[in-house]
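1. Predicted structure and sequence below. I'll ask about it afterward.
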Amino acid sequence: MRAKKVFIFGMDCMAPQLVFDEWRSELPNLSRLMEEGAWGEMKSTIPPITVPAWTAMMTSKDPGTLGFYGFRNRKGYGYDELYFANASYVKEKTLWQILSRNRMSSVALGVPQTYPPKPLNGTLVASFLTPSKDVQYTWPDEVKHELDRLAEGDYIIDVKDFRTEDKDGLLEQIYVMTRRRFKVVREWVKSKPWDFFIFVEMGVDRIHHGFWRYHDKGHRLYEKGHKFEFAIRDYYKVLDGEIGSVLALIPKDTQTWVVSDHGARTMHGAICVNEFFMREGLLALKAPPAGQQKLKTSDIDWSRTQCWGEGGYYSRIFMNVRGREPQGIIEPAEYEAARDRIKAKLEALGDENGRPIGTRVFKPEEVYQKVNGVPPDLIVYFGDLAWRSAGSVGTGAIHVFENDTGPDDANHAQYGMFILKGPGVAPGRREGVEIYDVAPTVLSSLGVEVPGDMIGKVVE
């Protein structure tokens, strides 16, 4: 059955195990949506990270087709040609662009990878990649003048720093940001014309990274009775109330989603991937580092280096190939064999005691329909995302337990979540739903033809 409107609550990083199991009885609005609709885990992109996951959801295209594989990507095969993948690099049509062509109006508020804003039939407020509120970050431009008034205070695009030891200050920032943004949502639900409305709240992601150690009893830094022990749970309860306040304003025949782009899990530590490569003889520096420092490509002795890696919630491995990189040493004919050797070494790397951790290593051409742009040679989930990647050198160890970019308690999990309620949606748990299925389902429910190149399926 068709829906007259579609509304999506995007909860960045919301964890299915918390909503569906641990705290279901304490989240009445989400629980009611589950009882009345379809719900379940939703498989994210490889890698499961905000960029490119939200754009993959809004286009039904995988990262290889989109041509970017994370926040930072290689422009070319030079050693220093990294760029941030903002909206300028999104070439595929998003849901709101397709709907604009079909004379339907949209509101897109806070969707990652929408800065700088592009024209649409409707209203757009860009997300946390916006450098400041001094630039044009809305479409149309004059909309930005509404935001502070509707928010009843400074409209916050993102918290200032979620990797901080000032937990009290971080928690306050998250709450203020969330409450002010929901005020804007409630006003725009009533006052803006829309057939499609999507709102993404980043507070969930920020509170997970900042406070997961206090919540998860399996975290090595968990302290029973800590004053922040229930910080995440209490925030989820506030979110549930805010969601309920918007649900009360949405017409009953609206198809309503709650989705997350990926999940969350405990981070056991970090693997210093470049330290590992140095010990394996795959990476050489011109001089030993004086102490822990960020790896600079200018410090690398390329004549003795086969590969290097980037840090993050997952790792991207780049190989130094003759004729491809400026000072490459791996012969093209040996590329595949060398890549397999590096992959095997990464998969065999255990924890600090040598115990297996289940690292998964992907070749881009094996997991994407296309491989556009300049992909990493390998994508690595250390410990299947139980460990993050640290790019620093001079750490003195391969395994470290303090993040090299600031305090961070959680890693991303491969599965996020979805709840879907609306006309014709049969209630119950669903299996096999992927992030790519959202866009075709939305278009189909609004009576718009689903483009043949979308890789997702309609959630029946």
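-> Yep, it's here. What you see is a predicted model, and the numbers here were worked out from it, not measured in a lab. Residues are numbered from 1 along each chain as shown.

2. Can I take it that Val380 is in a strand?
-> Yes: judged by DSSP: H, G, I helix; E, B strand; the rest coil, Val380 forms part of a strand.

3. you'd agree it is up against Ile357?
-> No: here Val380 lies out of contact with Ile357, judged by Cβ atoms under 8 Å, at a distance of 11.6 Å. Where C-beta positions appear, they are placed from N, C-alpha and C, glycine not excepted.

4. neighbour-wise, which of these two wins?
-> Taking neighbours as other Cβ atoms under 10 Å, Val380 and Ile357 compare with Val380 leading, 27 against 19.

5. Could you check how far the more buried one is from Ala348?
-> Applying Cβ to Cβ, to the nearest Å, one obtains 12 Å for the distance of Val380 from Ala348.

6. Which pLDDT value belongs to the nearest residue to Ala85 once chain neighbours are set aside?
-> In space, and not counting its chain neighbours, Ala85 is closest to Phe68: 3.9 Å by Cβ to Cβ, 6 or more residues apart in numbering. The predicted local confidence for Phe68 comes out at a pLDDT of 96.

7. now swap in the one 3 residues further on and tell me
-> Looking at Phe71, its pLDDT is 92.

8. Check the one 5 residues further on too.
-> According to the predicted model, the pLDDT of Gly76 comes to 95.

9. Would you mind giving the domain segments of this structure?
-> Using automatic domain parsing, the domains assigned to the chain come out as 5-266+412-445, 269-407.

10. what's the single longest helix in the chain?
-> Here the longest helix in the chain is taken by residue count, with DSSP state H as the criterion, and it is helix 167-191.

11. Buried residues, that one. List them.
-> Residues of helix 167-191 classed as buried under the neighbour-count rule (16 or more other Cβ atoms under 10 Å) are 167, 170-171, 173-174, 176-186, 188-189.

12. same for the following helix or strand past that helix, what does it pack against?
-> Where DSSP states H and E defines the elements, the next helix or strand beyond helix 167-191 is strand 196-201. Judged by 3 or more Cβ pairs under 8 Å, 6 or more residues apart in numbering; DSSP states H and E, the packing partners of strand 196-201 are strand 5-11, helix 95-101, strand 106-109, helix 167-191.

13. pLDDT on strand 196-201, on average?
-> In this model, strand 196-201 has an average pLDDT of 98.

14. okay, the angle between it and strand 5-11?
-> 10 degrees (axes from the mean of the first three to the mean of the last three Cα atoms, to 10 degrees).

15. so what strands line up beside strand 196-201?
-> Strand partners for strand 196-201, identified by DSSP bridges, are recorded as strand 5-11 (parallel), strand 106-109 (parallel).

16. Using TSV, lay out those strands together with mean neighbour count.
-> Output for the strands paired with strand 196-201, formatted as TSV (neighbours: other Cβ atoms under 10 Å):
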stretch	mean neighbour count
strand 5-11	24
strand 106-109	25
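
17. mind putting those strands in CSV, mean pLDDT and distance to Leu247 included?
-> Supplementary listing: the strands paired with strand 196-201 in CSV, determined by pLDDT from 0 to 100; distance: least, Cβ to Cβ, whole Å:
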stretch, mean pLDDT, distance to Leu247
strand 5-11, 98, 9
strand 106-109, 98, 16
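
18. Export those strands as TSV, with columns for distance to Ala87.
-> As requested, the strands paired with strand 196-201 are arranged in TSV below (distance: least, Cβ to Cβ, whole Å):
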stretch	distance to Ala87
strand 5-11	16
strand 106-109	11
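
19. of those, which approaches Ile329 most closely?
-> With Cβ to Cβ as the measure, strand 5-11 is the member of those nearest Ile329 (44.5 Å).

20. what's that closest one in contact with?
-> With contacts defined as Cβ atoms under 8 Å, 6 or more residues apart in numbering, strand 5-11 is touched by 54, 110-111, 189, 194-201, 204, 239, 243, 246, 250-251, 253-261, 422, 438, 442, 445-446.

21. at 6 Å instead, please
-> When contacts are taken as Cβ atoms under 6 Å, 6 or more residues apart in numbering, the neighbours of strand 5-11 outside the stretch itself are 195-198, 200-201, 204, 243, 250, 254-260, 442.

22. In CSV, could you pull the C-alpha coordinates for it?
-> Taking Å, rounded to 0.1, in the frame of the first residue of the first chain, the C-alpha atoms of strand 5-11 are listed here in CSV:
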residue,chain,number,x,y,z
LYS,A,5,4.3,10.7,3.4
VAL,A,6,7.6,9.2,4.7
PHE,A,7,9.4,10.2,7.9
ILE,A,8,12.8,8.8,8.9
PHE,A,9,14.3,9.2,12.4
GLY,A,10,18.0,8.7,11.7
MET,A,11,19.8,7.8,14.9
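
23. any idea which helix or strand comes after that strand?
-> Taking DSSP H and E as the definition, the helix or strand that follows strand 5-11 towards the C-terminus is helix 16-17.

24. for that following helix, what is the average pLDDT?
-> If you average the pLDDT over helix 16-17, you get 98.

25. centroid residue for this structure?
-> Centroid-nearest residue in the chain, with Cα atoms, centre = their mean: Thr50, separated by 1.7 Å.

26. and that residue, what is it in contact with?
-> Residues near Thr50 by Cβ under 6 Å, 6+ apart: Pro112.

27. what's the answer for Gln292, then?
-> Per Cβ under 6 Å, 6+ apart, neighbours of Gln292: Ser392, Gly394, Thr395.

28. Could you do Thr441 as well?
-> With contacts defined as Cβ under 6 Å, 6+ apart, the neighbours of Thr441 are Val458, Val459.

29. Provide the secondary structure category for Ile419.
-> Here Ile419 is recorded as strand under three-state DSSP.

30. on that earlier part again, counting contacts, what elements does the longest helix of the chain pack onto?
-> For helix 167-191, the helices and strands in contact under the criterion 3 or more Cβ pairs under 6 Å, 6 or more residues apart in numbering; DSSP states H and E are helix 144-151, helix 203-215, helix 231-247.
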